[in-house]
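> got a predicted model here, sequence first, then my questions.
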Amino acid sequence: MDVHRDDIGARLGMWIFIFTEILLFGGLFLVYAVMRNRYSDEFHQAAHQLNAFIGTLNTVVLLLSSATVAMSITAVQKGEKRKGVMLLFITLVCAGIFLFNKYLEWGHKISIGLYPGSELMIGLKHGYILFFSLYFFMTGLHMLHLVIGSIILTIVMVKVQIGSITQGKYTLLENGGLYWHLVDLIWIFLFPLLYLIT
Amino acid sequence: MAETISKSYLENTGRYKGILAWLTTTDHKRIGLLYLYAMMVFFLVGVILGEIMRLELFRPGQQFISAQTYNGIFTIHGIIMIFTVVIPGLAAVFGNFAMPLLIGAHDVAFPKLNLFSWYLFILGATIALSSQFMGNGPPDTGWTFYAPYSTQTHTNVVAAVFGAFVLGFSSILTGLNFIVTIHRLRAPGMTFFKMPLFPWSLYATAWIQVLATPIVGITLLMIIAERWLRIGFFDPSLGGDPILYQHLFWIYSHPAVYIMILPAMGVITEIIPTFAQRRVFGYKAIALSSLAIAGVGYFVWAHHMYTTGISFTARWVFSLLTFLVAVPSAIKVFNWVTTMYKGSISVKPPFLFALGFIFLFMIGGLTGLSLGSLATDIHVHDTSYVVAHFHYIIFGGVGFAFFAALHYWYPKMFGRMYNFRRANISFVFLFVGFNVLYFPQFVIGMMGMPRRYFDYLPQFTLGHQISTVGGWILLIGIIIMLVNLFSRKGAKAPDNPWGGKTLEWTVSSPPPPENFETIPEVSGEPYDFE
């Protein structure tokens, strides 16, 4: 019996950390709210530049990945190690698809000269500049958290495989899954605010 | 595990020896000391920077440093004092050392995370200090980094700002650790309302650390993005708004001052009952007023922005809330004084510093009201009056509470007593020096002396000279105090030198590594003096 183990405390700590991450993005949402209020027409027009199809695809992919990570927790709870590892692997594949789509989106914009500080950007109307600045900053910060989440889930997947995380001791997996749900949740908010305000 | 109970946590019992044993520790008591030693260094650097400024200000006109250098000095003085000394402050040192003992726990909830917080603290401070030495020169924006200057100046803003970001992360993780610790590791029988009041204050503080710090985190990242990527949030030429920066900055930085003061008030609430040998008057009022200060403190930030052009409605609403947040603080002062009534007062050094705290905190708090009031603020905004106000609260308040806590828990931390007479003499120099240093700044501020100016009109000369001399008296006090405390030649300390009633006084001085052989069962009220 691990004397220093406290599953409830570990989960409480993770929830508090999730809270701080939400507040971190909250500052960006605040800037978005202020700027959209100020430049509502230009935000509405600028959003046409984003590909809602790819955005929707990414949303579906992330939702799927949240489902698979939740399923992996159930699998480990039932002692089904192989299934748990498989589901975590699928989650990571979904993360990879998301990242690839983002690479296509960002790559396209950068190739036409549309990125923060570019000559094209500086010459646009103010509302357009702020919309795209927010787009790059928010999706960029989100991408960073997606990468961090992927690293966490990779570590967790390895631990399930080698038996550090088991049917009797899976709080680390739950916490990793929780972090992944946060990454998903942030995207759920970003998606309509950036892609669907046309 | 049982064999180590008679040992002191200061002795190395693990695999590592010497300094490595300290750098790999997960013992909250050692981590508290690691924070103490680092912060003492940062504090002294900050004091020297302050003394340099006061020397330059001794007479009008340039004395020995340029205006640019002066701007760099007040910037790094603020960054060091705020982000590496007062915000981590009592929570990182005494919260770490004493809180688990006070709640009857072996350690905090996440000991390894605790050590990680300390490493982040050192890393953040190093990155921030590196801004002084890199190619483009020390930042000259003030610790507030206001846009648009901070996004345009060629100085090393990014290093300073990123250092502050890392320090914020350290603060968040400590807050998280303390919240979970207080929820999960209180001794059996110790309900929330049987918990001593220093942990209560740390609990309220931890919530602010966790909820407010991320906002400044993202704001600092926005500054970096403005400088490196021209994102435009604060740049009017791209559609942005510099006032937006101020809102975002102060939404954290105002609650931050409650991060500073709440643990300080908590310590005073431990010291006063012990040296009056009476239970705290109004225990619940103090506990709940800590939460009230934390809560209401989120809604007053724009009192730093009355002159920026925000609407009249915004101004009077923030002014009203600012007056409201003063109420729970005042409640505490009444509680402290009433606790002393009909008590058996023992004026030992911790109590002396606590009395000093009450006096200086009241001056700071009351002058805060004249700043919180719209009409008078117009007159004194951005003058030395503001500088005097916040130094009274931060240095007179948090600083003196820190000295009080140091003198209170010193026997427990190091197992030795210190010389009382020298401690009292240091107090006199500190108290007199402090007032001579800062009180004239109220006066010249009202006369019109601007803050952050390295030169001034001749009518302010006398005030500046008195102030500078006060700084020297204060410095003597600091030296006497540190020499007294670090000479380590005092008598061996008993378990309970002051007759306190909280749990840390039931273990040896210094405590064994795991604090308690068996976790105590708590049944009575805290501060059970009668």
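Good, I have the coordinates. Numbers count the residues shown, from 1 in each chain, chains lettered A, B, ... in the order given.
> quick one, what contacts residue 136?
All of this refers to chain A. A:106, A:115-116, B:229, B:231 (C-beta atoms under 8 Å, 6 or more residues apart in numbering or on different chains). (Each C-beta comes from the backbone N, C-alpha and C, glycine too.)
> I was thinking of chain B, sorry if that wasn't clear
Contacts of B:Asn136 by C-beta under 8 Å, 6+ apart are B:154-156.
> reformat these as CSV; add distance to B:Leu115, neighbour count and secondary structure.
Below are the contacts of B:Asn136 laid out as CSV (distance: C-beta to C-beta, whole Å; neighbours: other C-beta atoms under 10 Å in any protein chain shown; DSSP: H, G, I helix; E, B strand; the rest coil):
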residue, distance to B:Leu115, neighbour count, secondary structure
B:His154, 38, 11, coil
B:Thr155, 33, 22, coil
B:Asn156, 29, 21, coil
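> what is the nearest of those to chain A?
B:His154 (16.7 Å; C-beta to the nearest C-beta).
> may I have the phi/psi pair for the closest one?
phi -80, psi 0 (degrees, to the nearest 10).
> so it makes contact with B:Gly137?
Yes. Using C-beta atoms under 8 Å, B:His154 makes contact with B:Gly137 at a distance of 7.5 Å.
> who's in contact with whatever residue of the stretch 301-450 of chain B ends up closest to chain A?
Here the stretch 301-450 of chain B gets closest to chain A at one residue, B:Trp301, 12.6 Å apart by C-beta to the nearest C-beta. Residues in contact with B:Trp301 (C-beta under 8 Å, 6+ apart) are B:247, B:250-251, B:253-255, B:318.
> ok, the residues you listed vs B:Ala92, which is closest?
Nearest to B:Ala92 among the contacts of B:Trp301, counting by C-beta to C-beta, is B:Pro255 at 17.1 Å.
> can you read off the pLDDT for the closest one?
pLDDT for B:Pro255: 96.
> tell me which element it is part of?
helix B:242-276 (DSSP states H and E).
> so which elements touch the next helix or strand after that helix?
Later in the chain than helix B:242-276, the nearest helix or strand by DSSP H and E is helix B:283-296. On a contact count with 3 or more C-beta pairs under 8 Å, 6 or more residues apart in numbering or on different chains; DSSP states H and E, helix B:283-296 meets helix B:197-229, helix B:242-276, helix B:312-340.
> and helix B:283-296, C-alpha only, in CSV?
Presented in CSV, the C-alpha positions along helix B:283-296 are these (Å, rounded to 0.1, in the frame of the first residue of the first chain):
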residue,chain,number,x,y,z
TYR,B,283,-11.9,34.0,14.8
LYS,B,284,-14.7,33.6,12.2
ALA,B,285,-14.6,37.2,11.3
ILE,B,286,-10.9,37.0,10.5
ALA,B,287,-11.3,33.8,8.5
LEU,B,288,-14.2,35.1,6.5
SER,B,289,-12.7,38.5,6.0
SER,B,290,-9.7,36.9,4.4
LEU,B,291,-12.0,35.3,1.8
ALA,B,292,-13.9,38.6,1.5
ILE,B,293,-10.7,40.5,0.8
ALA,B,294,-9.7,37.9,-1.8
GLY,B,295,-13.1,38.1,-3.4
VAL,B,296,-13.8,41.8,-3.5
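> surely B:Gly309 and B:Pro242 touch.
No. Here B:Gly309 lies out of contact with B:Pro242, judged by C-beta under 8 Å, at a distance of 10.6 Å.
> the two - which one has more neighbours?
Ranked by neighbour count (other C-beta atoms under 10 Å in any protein chain shown), B:Gly309 and B:Pro242 place B:Pro242 first, with 17 against 7.
> quick revisit: as a markdown table, the helices and strands packed on helix B:283-296 with distance to B:Leu55 would be great.
A markdown table is the format used below for the helices and strands packed on helix B:283-296 (distance: least, C-beta to C-beta, whole Å):
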| stretch | distance to B:Leu55 |
| --- | --- |
| helix B:197-229 | 31 |
| helix B:242-276 | 27 |
| helix B:312-340 | 34 |
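> out of these, nearest to chain A?
So among those, helix B:197-229 is nearest, using C-beta to the nearest C-beta, at 3.6 Å.
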